[in-house]
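[1] Sequence first, then the predicted structure:
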Amino acid sequence: MEALSPFGLLMEQGVTVVPNILLKNYVRLGLDEQELVILLQLLLFRQSEKERRPFVKTLSQLTTIPEVQIQELLAQLENKGFIRLASIQDEKGRWSKVYLLDGLYNRLQELFNNNTLHKGREQDFDRLAKLFSQVTGLPLAPKHERMIIQWLYEYDFPLQLLEYVLIECHERGGIWQKDWRIKSIVDNLYAAGLKSVEEVKEWFLSYDEDYYWVNKFAAVLGRAIRSEPEKRALKRWSQEWGFSDEMIIKAMEKSCLATSQPSFNYIESILKSWKEKGITTPEQANKEDAVHRERRVKKKEEKKVSHRRNIPKIDPETGMVIT
């Protein structure tokens, strides 16, 4: 009997068919490396006649991924629609649980069909990936690849728009060149339904106006204003309540003098009081403060007089209380 070649010996162990389109496009499908490994193992067991559904412990031993994490990955793949757990009956009438991969096959079929619709996007990806690395100063990681693929295929943004965003962030420098900041900007553009370079230019201008407007108040408080509730409060005081920037700053200064840690709740209480009293100018606010001070001084004096009246008088010779 002729000895088997090394390749022949390997082939004797069996072959699992893995679609090349899966290996080439798993990132585009929204999979990470660990999810891909689990899918490959499930393909192995689905194509094996001996075992149809692997145990979590078995998958952990084959992949070195902890069992708890294996369970999380299987749940993620189910939630994403790549696999589903079903009961099947064999030729002998026995029922068993198996993972069906029809969701994966359907996604791969869609990807194959859509490839003809996205000709040229591969070149767009290469250009954006190169520019992204230049702007951020980072090597392209799998998470960045998934991000760019989302911009091109899910958001369907034109190449020129995405290039404009990256170049604009590069020119601004600093925090604008962080990968998470760029992702946030593109996500916001998509949420706003912006699709043209002109619209994006207007968005950046509007952002700058808001940014510098908010920072004007941050300088008074001595800290950054980053939270959305605080930004919404500023817009409410300005746009809904009609207070000028000068009046908002005056309320902030008043809050700073009253407490070492001024809060937006306290600032809002000041402005709400002014709103109810119809105070809209610094002069009116100063006048109200002066009236309030006079009342406090008068109250304090009245308290002193009242206290003096209540002090009993003592006769210095007898030591008796004089009534």
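    Arrived safely, thanks for sending. Numbering: from 1, shown residues only.
[2] Contacts for stretch 261-280 next, please.
    With Cβ atoms under 8 Å, 6 or more residues apart in numbering as the test, stretch 261-280 has contacts from 221, 229-230, 233, 237, 241-244, 247-248, 251-252, 254-256, 258-259, 284-285, 288. Yep, even glycine has a C-beta here, placed from its N, CA and C like the rest.
[3] ah, wrong one, I meant stretch 175-193
    132, 135-138, 144, 147, 151, 155, 157, 161-162, 165-166, 168-170, 200, 203.
[4] at 10 Å what do you get?
    132-138, 141, 143-144, 147-148, 150-151, 154-157, 161-162, 165-166, 168-172, 174, 194-195, 199-200, 203-204, 207 (Cβ atoms under 10 Å, 6 or more residues apart in numbering).
[5] That stretch - what's its average pLDDT?
    Stretch 175-193 shows an average pLDDT of 91 in the prediction.
[6] And that stretch, how far out from the chain middle?
    Chain-centre distance of stretch 175-193: 10 Å, with Cα atoms, centre = their mean, to the nearest Å.
[7] List the buried residues for that stretch?
    177, 179, 182, 183, 185, 186, 189, 190 (16 or more other Cβ atoms under 10 Å).
[8] and if you look at stretch 34-47?
    35, 37, 38, 39, 40, 41, 42, 43, 44, 45, 46.
[9] The contacts of stretch 261-280 in strands, which ones?
    Within those, no residue falls in strands by DSSP state E.
[10] In helices, which of those appear?
    221, 229-230, 233, 247-248, 251-252, 254-256, 258, 284-285, 288 (DSSP state H).
[11] Buried ones among those?
    221, 230, 233, 247, 248, 251, 252, 254, 255, 256, 285.
[12] Adding distance to residue 108 and pLDDT, write those out as a markdown table.
    Shown next, in a markdown table, are those (distance: Cβ to Cβ, whole Å; pLDDT from 0 to 100):
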| residue | distance to residue 108 | pLDDT |
| --- | --- | --- |
| 221 | 54 | 86 |
| 230 | 47 | 87 |
| 233 | 49 | 90 |
| 247 | 61 | 91 |
| 248 | 57 | 91 |
| 251 | 60 | 92 |
| 252 | 58 | 91 |
| 254 | 64 | 89 |
| 255 | 60 | 89 |
| 256 | 61 | 88 |
| 285 | 68 | 90 |
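[13] and which of these is nearest residue 124?
    The closest of these to residue 124 turns out to be residue 230 (Cβ to Cβ; 38.7 Å).
[14] Excluding chain neighbours, what is closest to the closest one?
    residue 264 (5.5 Å; Cβ to Cβ, 6 or more residues apart in numbering).
[15] what residues are up against residue 69?
    Contacts of residue 69 by Cβ under 10 Å, 6+ apart are 34, 38, 56, 59, 60, 63.
[16] Distance to residue 271, secondary structure and pLDDT for these - can I get that in TSV?
    Formatted as TSV, those follow (distance: Cβ to Cβ, whole Å; DSSP: H, G, I helix; E, B strand; the rest coil; pLDDT from 0 to 100):
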residue	distance to residue 271	secondary structure	pLDDT
34	52	helix	92
38	56	helix	90
56	58	helix	87
59	60	helix	89
60	59	helix	90
63	59	helix	88
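[17] tell me the two of the buried ones among the ones in helices among the contacts of stretch 261-280 that are most distant?
    So, those by Cβ to Cβ: farthest apart are 230 and 285, at 21.9 Å.
[18] okay, and for the stretch 51-200 of the chain, where does confidence drop off?
    51-52, 90-91, 113-120 (pLDDT under 70).
[19] Give me the neighbour count for residue 31.
    Residue 31 has 23 neighbours, counted by other Cβ atoms under 10 Å.
[20] if I pick it, what's in contact with it?
    Residue 31 is in contact with 22, 25, 37-39, 76-77, 80, 82, 104, 107, 142, 146, counting by Cβ under 10 Å, 6+ apart.
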